[in-house]
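Trainee: Curious how this folds, go ahead:
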Amino acid sequence: MTVEEMQIVLNDMGKKAKRAATALAILPDEAKQLCLFKMAEAIEKNAAAIQNANEKDLNLASENGLSPAMIDRLTLNDSRISGMADGMRTVAKQLDPVGKVLSKTVRPNGLEITKISVPFGVIGIIYEARPNVTADAAGICIKAGNAVILRGGKEAFNSNMAIAGVLNQAAITCGLPDGVVQIIPWQGHEAVKLMLKMDNYIDLVIPRGGERLIRAVVADATMPVLKHYKGVCHLYLDEGFDYDLALKIIVNAKCQRPGVCNALETLLVDRFAAGEFLPRFAAVMKEQNVELHGDETVCKYCPEALPATEDDYYAEYLSLTLAVRVVDGVDEAISHINTYGSRHSDGILSFNDANVNAFTAMVDSSTVYVNASTRFTDGGEFGMGAEIGISTDKLHARGPMGADELTTYKYIVRGNGQIR
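Mentor: Residues are numbered from 1 along each chain as shown. Alright, predicted model coming up:
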């Protein structure tokens, strides 16, 4: 297909999405709930067809030598398909994010000014290997009154096409216009470039994937971008913390699913804890097949560790590799995180209230943990049912993004003849 032909198809998709967004913007919450319940049911009823499509993607992934972590992100088993449907139901039952009165004031001249939440309109979402994002994105966008145009990664092309088709058809059976959920039907990069110039149709674009993808979207988009850069997540082990509890948290944060953005990438250890803690830590990491990259002190206590470079502290490994550094107290830990981190998820393991308060106040991240694994940075774990991504921005949303984060606002000004 030529670029000109692609542009014609994309313009048609944009027009459909605008019409659908207009209908969604005034749809009562009861109707949105019913539609989302039907979409969840459609996912379950079409599970076999979705898994057949996913099997094609998995076969291609194996042939192309994708890493085990990437294949894990790509896989749709019975549990994950049920999770997609359950997430949609959870989103459906949440309070309507549209039409909330955010503020109300009456001016001295009698004007009544009300600030209310409203949908963005049409949201474009560009994402990589995880096909469950197709359902998550559609559900959250519809709950917030938005139509959505999706562009998934080539690794999950067949899975994404199947899921999006099921969801859009379910929306149509609910009486919504064709175009509530659309997916770009090509795998090449040219379509993405064209999509990112559709600011006359798309009101907001959200890239979800690797840092390279996100930077490319930011560079090319002519509409606002809500971005999620890499997840360089830290834990700082303070002096006096329970070492058994620390090891339990670290193993969960690093090893449960190392290929996701909220997995631990750098461990910081207080110097006063290093001598006793690091040998025990090294033994546990060896059992978990984790490769350590450490500074001079770490290598002294963990003989199998490789010397860390400056790049290691910036790295989002997404694998069983962990950077480790010994620091002189909480202030140096905070400085390290604010220098090398990505403002995603960072935590402190400490029983010292003063250190905890300093850490939570001064670490510049979307989510800050005290004595817990970073793996909880997730829309489902935060009670959102599903999420559109983890924003490391400060405007307009930050952290896990649910339906509330996919609304903007407008002012309604009521008068009785006032002039200026």
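
Trainee: for K32, what are its contacts?
Mentor: K32 sits next to 24, 92, 96, 142-143, 145 when contact means C-beta atoms under 8 Å, 6 or more residues apart in numbering. Any C-beta I mention is one placed from the backbone N, CA and C, and that applies to glycine too.

Trainee: sorry, that was for Q182
Mentor: Contacts of Q182 (C-beta under 8 Å, 6+ apart): 13, 16-17, 147-150, 164, 168.

Trainee: What is the three-state secondary structure of it?
Mentor: strand (DSSP: H, G, I helix; E, B strand; the rest coil).

Trainee: and if you look at N59?
Mentor: Classification of N59 using three-state DSSP returns helix.

Trainee: Neighbours of it, how many?
Mentor: 11 (other C-beta atoms under 10 Å).

Trainee: Pull up the per-residue confidence for it.
Mentor: Looking at N59, its pLDDT is 96.

Trainee: Am I right that S365 is in contact with I337?
Mentor: Yes. The pair S365 / I337 is scored as a contact, 7.2 Å apart, by C-beta atoms under 8 Å.

Trainee: Can you give me the pLDDT of A397?
Mentor: Note on A397: pLDDT of 89.

Trainee: what about the residue nearest to it when sequence neighbours are not counted, distance to S391?
Mentor: Excluding its sequence neighbours, the residue lying closest to A397 (C-beta to C-beta, 6 or more residues apart in numbering) is E405, at 3.8 Å. Between E405 and S391 the computed distance is 7 Å (C-beta to C-beta, to the nearest Å).

Trainee: so what sits against both of these two?
Mentor: A397.

Trainee: Give me the neighbour count for A164.
Mentor: A164 is flanked by 24 other residues according to other C-beta under 10 Å.

Trainee: Over to it. Which of the three states is it?
Mentor: A164 is classified as helix under three-state DSSP.

Trainee: burial count for the residue lying closest to it once chain neighbours are set aside?
Mentor: Leaving aside its chain neighbours, A164 sits nearest to I183 (3.9 Å; criterion: C-beta to C-beta, 6+ apart). By other C-beta under 10 Å, the residues close to I183 number 23.

Trainee: can I assume I183 is in contact with N160?
Mentor: Yes. Using C-beta under 8 Å, I183 makes contact with N160 at a distance of 5.8 Å.

Trainee: Overlap in contacts, these two.
Mentor: Contacts common to I183 and N160, judged by C-beta under 8 Å, 6+ apart, are 134, 150, 152.

Trainee: Where helices are concerned, which of these count?
Mentor: T134 (DSSP state H).

Trainee: Just the closest of the shared contacts of I183 and N160 to T105, please.
Mentor: If you rank the shared contacts of I183 and N160 by distance to T105 using C-beta to C-beta, L150 comes first, at 39.2 Å.

Trainee: count of residues packed around the closest one?
Mentor: Residues near L150, counting by other C-beta under 10 Å, number 24.

Trainee: That one bridge partners, please.
Mentor: For L150, the residues forming beta bridges with it (DSSP bridges) are I125, I183.

Trainee: Take the contacts of Q182 and write them to JSON lines, including pLDDT and distance to M39.
Mentor: Below are the contacts of Q182 laid out as JSON lines (pLDDT from 0 to 100; distance: C-beta to C-beta, whole Å):
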{"residue": "M13", "pLDDT": "98", "distance to M39": "19"}
{"residue": "K16", "pLDDT": "97", "distance to M39": "18"}
{"residue": "A17", "pLDDT": "98", "distance to M39": "17"}
{"residue": "A147", "pLDDT": "98", "distance to M39": "14"}
{"residue": "V148", "pLDDT": "98", "distance to M39": "12"}
{"residue": "I149", "pLDDT": "98", "distance to M39": "17"}
{"residue": "L150", "pLDDT": "97", "distance to M39": "14"}
{"residue": "A164", "pLDDT": "97", "distance to M39": "11"}
{"residue": "N168", "pLDDT": "96", "distance to M39": "9"}
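
Trainee: filter the residues you listed to the buried ones?
Mentor: By neighbour count, with 16 or more other C-beta atoms under 10 Å, these hold 13, 16-17, 147-150, 164, 168 as buried.

Trainee: ok, of those residues, which one's closest to I214?
Mentor: I214 lies nearest to L150 out of those, by C-beta to C-beta, at 16.2 Å.

Trainee: residue contacts, the closest one?
Mentor: Neighbour list for L150: 124-125, 127, 134, 137-138, 160, 164, 181-184 [criterion: C-beta under 8 Å, 6+ apart].

Trainee: Top of these by number of neighbours, please.
Mentor: A138 (32 neighbours).

Trainee: If you count neighbours, what's buried in stretch 401-416?
Mentor: Across stretch 401-416, burial judged by 16+ other C-beta under 10 Å covers 401-407.

Trainee: what mean pLDDT does that stretch have?
Mentor: Here the average pLDDT along stretch 401-416 is 95.

Trainee: okay, how far is it across that stretch, tip to tip?
Mentor: End-to-end distance for stretch 401-416: 39 Å, by C-alpha to C-alpha, to the nearest Å.

Trainee: And for stretch 72-83?
Mentor: Terminal residues of stretch 72-83 lie 15 Å apart, using C-alpha to C-alpha.

Trainee: what comes up buried for that stretch?
Mentor: Neighbour counts over stretch 72-83 (16+ other C-beta under 10 Å) mark 73-76, 81, 83 as buried.

Trainee: just stretch 317-336 next, same as before
Mentor: Those would be 317-327, 330, 332-334, 336, for stretch 317-336 by 16+ other C-beta under 10 Å.

Trainee: Out of these, name the ones that lie in strands.
Mentor: The members of these that map onto strands under DSSP state E are 321-327.

Trainee: Tell me the one of the residues you listed nearest A358?
Mentor: Nearest to A358 among those, counting by C-beta to C-beta, is V327 at 13.5 Å.

Trainee: how about the closest one, what does it touch?
Mentor: By C-beta under 8 Å, 6+ apart, V327 lies in contact with 236, 268-271, 333, 336.

Trainee: just the buried members of those residues?
Mentor: 236, 268-270, 333, 336.

Trainee: Excluding sequence neighbours, find me the nearest residue to A274.
Mentor: Distances taken as C-beta to C-beta, 6+ apart put V326 closest to A274, at 5.0 Å, once the chain neighbours are dropped.

Trainee: what distance separates stretch 225-244 from the centre of its chain?
Mentor: Offset of stretch 225-244 from its chain centre (C-alpha atoms, centre = their mean, to the nearest Å): 17 Å.

Trainee: hmm, back to that, show me which pair in the ones in strands among the buried residues of stretch 317-336 is furthest apart.
Mentor: Among these, T321 and V327 lie farthest apart (C-beta to C-beta), at 19.7 Å.
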